[in-house]
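J.: have a look at this prediction, sequence included:
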Amino acid sequence: MAMKRSQSSDRRPRRDAQRNRERILAVAKQAFSQYGANASLDEIAKESGVGPGTLYRHFPSREDLLAAVYRSEVEKLAVAERQFAETLPPIEALRAWMLLFVDFIAAKQIIAPALNALLGEPKQVFEGSHAQIWEAIRALVKRAIESGYIREDLDPIDLLRALIGVANVASIPDWQQSARRLVDILILGSRPIK
């Protein structure tokens, strides 16, 4: 009986710790988006509903927190690919994921310069993400091709390049709305030629 109590008490802190970590990451993403790399970590902890010690236990340095925010955004894309593939028709799954990718680009535009400023060359942080993103888009496009919604000669990377290209036009303040419209244009233009 004592063993059961010990096991359940072991589980609860892990769930609490995971919730704390997720809250910290969400608040940190918002703070870094708004204030850049120098956002107050104490404010991030406070807005997350945790003490500074909890924040530093999860993320010993500012660099660790920034890298974790970035990795969390990449993981959302990977998880979304699986969820969309299971719950949506192939073309809608691809469209939904591409819209989420636009949000990822927006977050990366803020986080990447901050990581560059703090780490100099955050190559390791970014390298792992490319494979996850590539696998997600490849799987969604393959599924759409197999279902006949997308033409067979479509290279998945072309879809990503088009969206990234719109994001790199820094002089356009509403690039995200433009990119969202571009998703539909890309989907329509990817249909099989009759």
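T.: All right, it came through fine. None of these values were measured; they are calculated from a predicted model. Residues are numbered from 1 along each chain as shown.

J.: Asn20 reaches Tyr56, doesn't it?
T.: No. If you go by CB atoms under 8 Å, Asn20 and Tyr56 don't touch, sitting 12.0 Å apart. C-beta coordinates here come from the backbone N, C-alpha and C atoms, glycine included.

J.: name the element the residue positioned nearest the centre of the chain belongs to?
T.: Centroid-nearest residue in the chain, with CA atoms, centre = their mean: Glu73, separated by 2.2 Å. Counting by DSSP states H and E, the element that carries Glu73 is helix 62-87.

J.: roughly how far apart are the residue nearest to the centre of the chain and Pro192?
T.: Computed as CB to CB, to the nearest Å, the Glu73 to Pro192 distance reads 33 Å.

J.: more crowded one of Asn20 and Tyr56?
T.: Between Asn20 and Tyr56, Asn20 has the larger neighbour count (other CB atoms under 10 Å), namely 20 against 14.

J.: contacting residues for the more buried one?
T.: Counting by CB atoms under 8 Å, 6 or more residues apart in numbering, Asn20 touches 48-50, 54, 58.

J.: state the distance from it to His58.
T.: 7 Å.

J.: what do you get for Pro173?
T.: Distance of Pro173 to His58, computed by CB to CB: 34 Å.

J.: among the two, which residue is more densely surrounded?
T.: Each of Pro173 and His58 has its neighbours counted (other CB under 10 Å); His58 has more, 19 against 8.

J.: separation between the closest residue to the more buried one other than its chain neighbours and Val27?
T.: Among residues not flanking His58 along the chain, Arg21 sits closest, at 5.2 Å (CB to CB, 6 or more residues apart in numbering). Counting by CB to CB, the gap from Arg21 to Val27 is 11 Å.

J.: got a list of what the residue lying closest to Ala80 once chain neighbours are set aside touches?
T.: Closest residue in space to Ala80, ignoring its immediate chain neighbours: Leu100 at 5.3 Å, by CB to CB, 6+ apart. Shown in contact with Leu100 (CB under 8 Å, 6+ apart): 76-77, 80.

J.: of the residues you listed, buried ones?
T.: 77, 80 (16 or more other CB atoms under 10 Å).

J.: in TSV: the contacts of Leu100, plus distance to Glu43.
T.: Listed next are the contacts of Leu100 as TSV, based on distance: CB to CB, whole Å:
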residue	distance to Glu43
Lys76	23
Leu77	27
Ala80	29
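
J.: packing partners of the strand or helix carrying Asp184?
T.: For Asp184, the host element (DSSP H and E) is helix 175-189. In terms of contacts (3 or more CB pairs under 8 Å, 6 or more residues apart in numbering; DSSP states H and E), helix 175-189 is packed against helix 90-119, helix 156-167.
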